[in-house]
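Asks: sequence-free structure coming up:
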Ligand code: SRM
Ligand code: SF4
């Protein structure tokens, strides 16, 4: 535990924030700047928003001696990525009214809106509130949006397993009412006792906290990259409980050997709902009490787990829950992919998985996806689910409504759009990066589509287009597009330059390693051309690209 005088600046801001209020109200009324006060920038994260600026315009504005072009990004809380058609319509309207208009599906199954100017934050949150949507705790040092395996065809028990996403989200929900007070009704909360928070206290967690739920054998949710990973155990067609793993996280900092990506380690099995939730709660309290509060680079749960040792961490959790976890049950992940197109789940309802390149829902010259999804939502005959690979599932479609929805998908060319995208493109993820992400060192979502168009002919050339290779790109090593868990991972180092990582497995159970540093596009294509040639020639019959890279000791 960090000594008081050794605490990081953010720790002091949290405890002095009066239940996450800070001076946000004053910041909002300051008309001289489009920004908010520095301390408040840390506090608003807990309300689900980030201050950003348009990095494409920085230079031009600096030359004109203008302030940066500030705006805000708001991220919704949608456990498991579920949203009703009515809520989608509301989000669409709010996006048009107050943001850039692009609806961005994230790698943690939710929606982000960008480009919201300061004066529009309150109207945005208030409109979300009217639609029963909120952005509480989607950022900040707190439990974030809980992810869950999204494809209902994965198991007849999908709904039962899925319900844990909301249960966990509720369990770890903060008690402060600051969000409502600041953004919605302006009323001061009379009884501060209601806000006493035994879990987060006034210091919250040392760092962000993420929980995911996976359903073997498909690891499309990338469950092991989470601080806490629940792996559903199904025996005799019943949900027996979950294997619980701790300590996943993908970020590292270039040049800082103390930082590293890590996959979660399974610590045991819990059967009843009470035991499962209690264990999760206490994993969080141990991190709250033992996590590093002086160095934010080393504050994630993964470092606490490695500092204490997995066994010690587990013992501390068991001491607090008052029961021992059972030995982990066997499980196998043998794929990690979205099931595109139409599928029928065990409950008789249909689902269509739509390919959304890098999660960006908009109308462009190729396809009017945003208009199409609005029209589909207006039928009110479906719901929506977002996948961890930034795609959209049009869900819960009754047999009688399928034809109508499919006709809409066809008429807007969404079926063709999904079908004609290559396997490589459909297996890819890019994070947001430029121009909004302040941490980006290189492009990601604005560049990857173009790079893939140059990689596809290489795969064709070596007759490898039918290989299920997972490729991901991030604009920096924070890992938002989970590139450390890809078979081919690109991690931005500088404008136009990427480290090329190889050797991650296809199922998300082995991280990749650095193969070549600081490659520009021409070098990337030369490297891949030669790697694909060797792979084609020397691979074993069903060998995956990531496994091949390991067998051949390429990394
Ligand atoms: Fe992330 C910070 C975007 C998933 C690890 N992430 C950011 C910020 C907010 C930049 C910032 O701090 O100012 C990015 C905003 C960009 C923008 O303009 O929108 C950002 N992260 C994203 C999203 C939108 C990427 C996407 O294209 O979908 C994802 C939103 C998820 C959500 O809905 O909550 C997103 N971020 C992830 C993931 C992947 C995951 O969780 O599955 C990771 C790696 C897993 C992990 O947490 O280890 C990830 N983001 C980070 C980190 C590194 C954290 C660390 O341990 O050091 C940062 C930087 C930080 O926290 O200091 C970060
Ligand atoms: Fe920004 Fe880096 Fe995350 Fe990409 S990986 S969104 S560049 S913080």
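Replies: Here it is on my side, so go on. Because the structure is a prediction, the values reported are computed rather than measured. Ligands and ions are numbered 1, 2, ... in the order given.

Asks: Could you list the contact residues of this protein toward ligand 1?
Replies: 50, 52, 73, 75, 106-108, 110, 112, 138, 144-145, 208, 210, 225, 249-251, 300, 359, 390, 431-432, 436-439, 478-482 (CB under 6 Å from any ligand atom). Heads up, the C-betas are built off the backbone N, CA and C, glycines and all.

Asks: can you list the weak-confidence ranges in the stretch 101-250 of the chain?
Replies: Scanning the stretch 101-250 of the chain with the threshold set as pLDDT under 70 gives 186-190.

Asks: the strands in it, which residues?
Replies: 103-105, 111-116, 147-148, 211-214, 228-235, 238-246 (DSSP state E, counting those that start in this stretch).

Asks: what angle separates the longest one from strand 228-235?
Replies: Translated: strand 238-246. 150 degrees (axes from the mean of the first three to the mean of the last three CA atoms, to 10 degrees).

Asks: Which secondary structure elements does strand 238-246 sit against?
Replies: With contacts defined as 3 or more CB pairs under 8 Å, 6 or more residues apart in numbering; DSSP states H and E, strand 238-246 has these neighbours: helix 158-171, strand 228-235, strand 265-270, helix 273-290.

Asks: Could you export the strands of the stretch 101-250 of the chain as a markdown table, including mean neighbour count and distance to ligand 2?
Replies: Below are these laid out as a markdown table (neighbours: other CB atoms under 10 Å; distance: least, CB to the nearest ligand atom, whole Å):
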| stretch | mean neighbour count | distance to ligand 2 |
| --- | --- | --- |
| strand 103-105 | 24 | 11 |
| strand 111-116 | 24 | 10 |
| strand 147-148 | 29 | 16 |
| strand 211-214 | 28 | 17 |
| strand 228-235 | 23 | 20 |
| strand 238-246 | 21 | 23 |
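
Asks: closest to residue 399 out of those strands?
Replies: Between residue 399 and the strands of the stretch 101-250 of the chain, the tightest spacing by CB to CB is seen for strand 147-148, at 25.3 Å.

Asks: Pull the residues that contact that closest one.
Replies: Residues from elsewhere that reach strand 147-148 (CB atoms under 8 Å, 6 or more residues apart in numbering): 79-81, 108-109, 161-162, 164-165, 210-213, 221, 223, 226, 388.

Asks: switch to 6 Å and redo it
Replies: 80, 108, 109, 162, 165, 212, 213, 221, 388 (CB atoms under 6 Å, 6 or more residues apart in numbering).

Asks: low-confidence ranges in the stretch 451-555 of the chain?
Replies: Scanning the stretch 451-555 of the chain for pLDDT under 70 picks out no residues.

Asks: ok, which stretches of it are helices?
Replies: 521-538, 545-551 (DSSP state H, counting those that start in this stretch).

Asks: can you check the stretch 251-400 of the chain too?
Replies: 273-290, 301-308, 310-321, 369-378, 399-411.

Asks: quick check: mean pLDDT across the fourth one?
Replies: Okay, so that is helix 369-378. What helix 369-378 shows for mean pLDDT is 98.

Asks: Report the angle between that helix and helix 399-411.
Replies: 160 degrees.

Asks: Helix 369-378 - contacts with which helices or strands?
Replies: helix 85-98, helix 399-411 (3 or more CB pairs under 6 Å, 6 or more residues apart in numbering; DSSP states H and E).

Asks: Please identify the most buried of those helices.
Replies: helix 85-98 (a mean of 19; mean count of other CB atoms under 10 Å).

Asks: Run through who's touching that one.
Replies: Contacts for helix 85-98 (CB under 6 Å, 6+ apart): 101, 103, 111, 113, 116, 120, 124, 127, 131, 133, 374, 377, 380, 382, 384.

Asks: now do stretch 328-347
Replies: 151-153, 156, 216-220, 231, 233, 243, 266, 268-269, 350-353, 387, 389, 391, 418, 507-508.
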